[in-house]
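Q: prediction below, plus the sequence it came from.
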Amino acid sequence: MSAIARHLSSRAFWRGVGSIVIFLVLWEIGSRSKQWMAPEFFAPFKDVLGSMGFKKDYLPWIGAVPAPSGVLKSWVAVLGQPGYWQSWYMSFFRVMGGFFAAMLIGIPFGLALAVSRVAHGIGFPVFEVLRPIPPLAWVPASIIFWPTQESAITFITFLGAFYTIVINVLGGARSIDVRYFQAAQSMGSSSWDIFRRVVLPGTLPSIVVGSAVGMGITWEVVVAAEMISGGGSQSAGTGGGLGFFIWNSYVGGSYEQIVVGMISIGIAGFVSSELLRWGGRFVTPWLKVR
Amino acid sequence: MRRPPAASTRGHIRIEDVVKVYDPEGAAVLAVDHCSLEIEPGEICMIVGPSGCGKTTLLNAIAGFHEITSGRIVMDGEVLCSTERPQSTPGPDRIVVFQNGALFPWKSNLENVIFGPVMQGKLARKEAIDKGRAMMSDAGLSGVEHNYPGEVSSGMRRRVEIVRALMNDPKVLLLDEPYRALDSLTKSVMHEALLEIYYKNKVTIFFITHDLEEAIFLGHRVAIMTTRPCKPKKVLNVDIPHPRDYSVLTSKRFRELIEETNDAVHEEALKAFQAGEKEG
């Protein structure tokens, strides 16, 4: 039996499918509830709900959300628009740009902090002072600082991943068992050999974990940054990133599209994490045996 | 009556009057107290004592992982460490096989095995691979060359680690309770495997354990150590001829030797236990 066939015939798979279907059905029912439940259904609670600030003729929360059927319709419509794909492209571009910059700078920086007392003494205090500042707090400053809107957003996504990667690399390198160093030293390794053959592979699992967490943060950050900064230089409708797509749908009153944007980001995040996990398994083959 | 155990001339170790005081935050703890011990070339010397008695401190001093406070350790006429130069430099002539194993998990078994000679530039990679394969197959490790250490049983991992150590052509093998985590069945298999490897590669073995049976089964001599501070309390010559196999375990002489030493070991274990109670 092939892997896919086994997957399709497994109980866990169908349980998962069932759970999603039930969720969608409940959502659909909830959304439509305002048409056939109100107002008699809510009459007894009218005053209570009213005092809480809710409109009184449909289920609070769910009733206001567009139904999945509507979302699907809107999604199909949007699939043909280049602006939607442009948004995908832009968000991915920013996320990857910021993320790879964070890896490129964060991994060597974290390793340097771990292996060199001097580097740690100089670099770590500044790092620790800057680290608690949430990336989104950097939005105004980086818009002023960076020449283009685009570079400002990429910089903010960079920050999102950078701190996590550095902290993980530093922690990972420091937690390598001292026996590995002792063994390598006994067997005649130079400092460079120890760095290359013990520190680097010993830190790789932490680099993978740090990157996976960092990737999640970049997606959170890029969406917020796009909303705040107005999606870069793109004008409305031609695509300014998925975050801007959501914001634009909200402003334009297309509530179905808001949800389309949300789900799109979910998919984008999932795809990036999977890619990363796959890459992680590839570079740390010894871990899959456990 | 000390028999020269093997036709080996390397790996003669003299531990002379070694003292080790640990000084964490001013509270001086005497771990090793004027300990002297001589180990003949090619001898299997078993160091027996309760956990935490300071045996590992001695091993670390020989290996060059820790300093000594005073005294000196000499190997084949070369002073490894002394009061003046308290820490020796770790080197391939003294290889440690660690309690929980220190095979690099990110390298295949074969890559682990060839690590030493390749690092030292003693063998080209290809030669090292040939030698590594041969030694692994000698040790019954054919077929797991390309597995990661995490993919094989813990008994096999220990054997791989011993092969890795021997690939460095060490003068002395320092084993720090290598079979502690193994179940007793695996352990007895491992003991025979170790002896088999030893008979093929006569090397001095400094073997730390808290298991008296293991010590008497494997060793030419068994040094029973006092607990904190650590020094030899009784040194036993095991006059059972090598090569040995597991039938030794049921022999009369083996039982007699156990009886002869059991009290001394038990006494120290009790002391260590009581000291632990006090600290706890």
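A: That came through, no problem.
Q: show me what from the stretch 101-250 of chain B comes close to chain A.
A: Within the stretch 101-250 of chain B, the positions adjacent to chain A are B:102, B:104-107, B:115-116, B:119-120, B:148, B:150-151, B:168 by Cβ under 8 Å from any Cβ of the partner chain. No exception for glycine: its C-beta is placed from N, CA and C like everyone else's.
Q: report the buried members of the residues you listed.
A: B:102, B:104, B:105, B:106, B:107, B:115, B:116, B:119, B:148, B:151, B:168 (16 or more other Cβ atoms under 10 Å in any protein chain shown).
Q: return the residues in contact with the fourth one.
A: The reference is to residue B:106. A:201, A:202, A:204, A:284, A:286, B:148 (Cβ atoms under 8 Å, 6 or more residues apart in numbering or on different chains).
Q: that one: what secondary structure?
A: What DSSP: H, G, I helix; E, B strand; the rest coil gives for residue B:106 is coil.
Q: tabulate the contacts of residue B:106 in JSON lines, adding columns for secondary structure, pLDDT and distance to residue B:224.
A: What follows is the contacts of residue B:106, written out as JSON lines (DSSP: H, G, I helix; E, B strand; the rest coil; pLDDT from 0 to 100; distance: Cβ to Cβ, whole Å):
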{"residue": "A:201", "secondary structure": "helix", "pLDDT": "95", "distance to residue B:224": "41"}
{"residue": "A:202", "secondary structure": "helix", "pLDDT": "94", "distance to residue B:224": "38"}
{"residue": "A:204", "secondary structure": "helix", "pLDDT": "94", "distance to residue B:224": "44"}
{"residue": "A:284", "secondary structure": "coil", "pLDDT": "91", "distance to residue B:224": "45"}
{"residue": "A:286", "secondary structure": "helix", "pLDDT": "90", "distance to residue B:224": "40"}
{"residue": "B:148", "secondary structure": "coil", "pLDDT": "94", "distance to residue B:224": "39"}
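Q: for residue A:167, state which of the buried ones among the residues of the stretch 101-250 of chain B next to chain A is nearest.
A: Nearest to residue A:167 out of those is residue B:106 (Cβ to Cβ; 21.8 Å).
Q: now do the same for residue 188: its pLDDT.
A: As the question left the chain open, I've gone with chain A. We have a pLDDT of 89 for residue A:188.
Q: please go with chain B instead
A: 84.
Q: any idea how far it lies from residue B:213?
A: 9 Å (Cβ to Cβ, to the nearest Å).
Q: need the overlap of contacts for those two.
A: The contact lists of residue B:188 and residue B:213 share residue B:249, where a contact means Cβ under 8 Å, 6+ apart.
Q: just the helices in the stretch 101-250 of chain B please.
A: Taking DSSP state H, counting those that start in this stretch as the criterion, the stretch 101-250 of chain B carries its helices at B:109-113, B:115-120, B:125-138, B:154-166, B:184-200, B:212-218.
Q: out of those helices, which is the most enclosed?
A: Of all these, helix B:109-113 has the most neighbours on average by mean count of other Cβ atoms under 10 Å in any protein chain shown, namely a mean of 25.
Q: what sits up against that one?
A: B:103-104, B:129, B:132-133, B:135-136, B:141, B:144-149, B:152, B:160-161, B:163-164, B:167.
Q: great, nothing more from me.
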